[in-house]
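*Asks:* need a 3D model of the following:
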Amino acid sequence: MLSFYYYREEGNPLPRVAGRSLVLMHRGVLSDGDTSKKKKNGSGRSVTTTQDKVPAYQYNMNFEKVGKCIIINNKNFDKKTGMGVRNGTDKDAEALFKCFRNLGFDVVVYNDCSCAKMQDLLKQASEEDHRNSACFACILLSHGEENLIYGTDGVTAIKDLTAHFRGDRCKTLLEKPKLFFIQACRGTELDDGVQADSGPINDTDANPRYKIPVEADFLFAYSTVPGYYSWRNPGSGSWFVQALCSILNEHGKSLEILHILTRVNNRVARNFESQSDDPYFHEKKQIPCVVSMLTKELYFK
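*Replies:* As a prediction, the model looks like this:
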């Protein structure tokens, strides 16, 4: 089990481990896939395409591009917010940049964004032409509260950022997966942990419909459950991002996304624990939270 000194994500630091913070100012390069081509069958009545071979229960990834991945990395905050510097977040941003680039995404990192800047970035991204892309991903690294995320100058509702990609607003991503990964606190509670733990698995099914629900095909992967702190190591980054990148690097092109995130949950729950001279913050645990409105299985292969 790994034991370190950590920061809580809302800005009040615990004793810290010495570690350098890296500045990430890169832009990713997209690795294009093969464009599927139609093949004639005799008289031309019917054609067979790569897309036709994709199982009905899987998202079609046979597009020219995997898609765009936006990383918003907020480290420094205005004094009026009361939020401290998020040391270690550049480690997260660098690891995520490499990880999602290796999956084929066109990755762009934006550092220290205000609330208005975050809104503008995601609104502009939603208005781009995604017809040649298989999906879209956004990663938010910041302080947070339940349902809220901090810009450098204050808080904004997460739903206001993600709503730009609803099916009725972003038509070129309709029926395509929209993935949001959020590393931030969601409250002030601390998880003491227990000797053994387990949880139920809930499946939801939907009947075939002629219309697509506007909230369909979203996935939200939160670093922690509602109401709880999220932990970050100044030297090596956050627990959630460390685990996410590790599992994606190992299994990102073989496992389905929910299987990947289940393994992330397992690794965070079992491999990480806080250590502090303050008993209130000593030996605390964390469990990520996945909220899926995906309508098909998603494989990055």
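
*Asks:* switch to C-alpha atoms for all contacts and neighbour counts from now on
*Replies:* Will do.

*Asks:* number of residues surrounding the nearest residue to Phe300 once chain neighbours are set aside?
*Replies:* Spatial nearest neighbour of Phe300, chain neighbours left out: Lys253 (5.0 Å); criterion: CA to CA, 6 or more residues apart in numbering. Around Lys253 there are 14 other residues, counting by other CA atoms under 10 Å.

*Asks:* ok, now which ones touch Lys253?
*Replies:* Remark: with contacts taken as CA atoms under 8 Å, 6 or more residues apart in numbering, Lys253 is in contact with 103, 299-301.

*Asks:* top of the residues you listed by neighbour count?
*Replies:* Phe300 (20 neighbours).

*Asks:* and the gap between it and Leu258?
*Replies:* 12 Å (CA to CA, to the nearest Å).

*Asks:* and Glu273, by the same measure?
*Replies:* Using CA to CA, we find Glu273 at a distance of 24 Å from Leu258.

*Asks:* which one of those two has more residues nearby?
*Replies:* Neighbours per residue, other CA under 10 Å: of Glu273 and Leu258, the larger number sits with Glu273, 22 against 18.

*Asks:* host element of Leu122?
*Replies:* Per DSSP states H and E: Leu122 is located in helix 115-126.

*Asks:* now do that helix: which elements does it pack against?
*Replies:* For helix 115-126, the packing partners by 3 or more CA pairs under 8 Å, 6 or more residues apart in numbering; DSSP states H and E come out as strand 148-151, strand 154-157, helix 158-162.

*Asks:* dig out what Gly144 forms beta bridges with.
*Replies:* Beta-bridge pairing for Gly144 (DSSP bridges): Ile149.

*Asks:* burial count for it?
*Replies:* With other CA under 10 Å as criterion, Gly144 counts 28.

*Asks:* beta partners of the spatially most central residue of the chain?
*Replies:* When CA atoms, centre = their mean is applied to the chain, the residue found nearest the centroid is Phe181 (1.7 Å). For Phe181, the beta-bridge partners are Ile139, Ala221 (DSSP bridges).

*Asks:* hang on, the earlier thing: now render the contacts of Lys253 as TSV, adding secondary structure and pLDDT.
*Replies:* Below are the contacts of Lys253 laid out as TSV (DSSP: H, G, I helix; E, B strand; the rest coil; pLDDT from 0 to 100):
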residue	secondary structure	pLDDT
Leu103	coil	98
Tyr299	coil	98
Phe300	coil	97
Lys301	coil	85
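
*Asks:* reformat those residues as CSV; add distance to Pro226.
*Replies:* Output for those, formatted as CSV (distance: CA to CA, whole Å):
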residue, distance to Pro226
Leu103, 29
Tyr299, 27
Phe300, 28
Lys301, 32
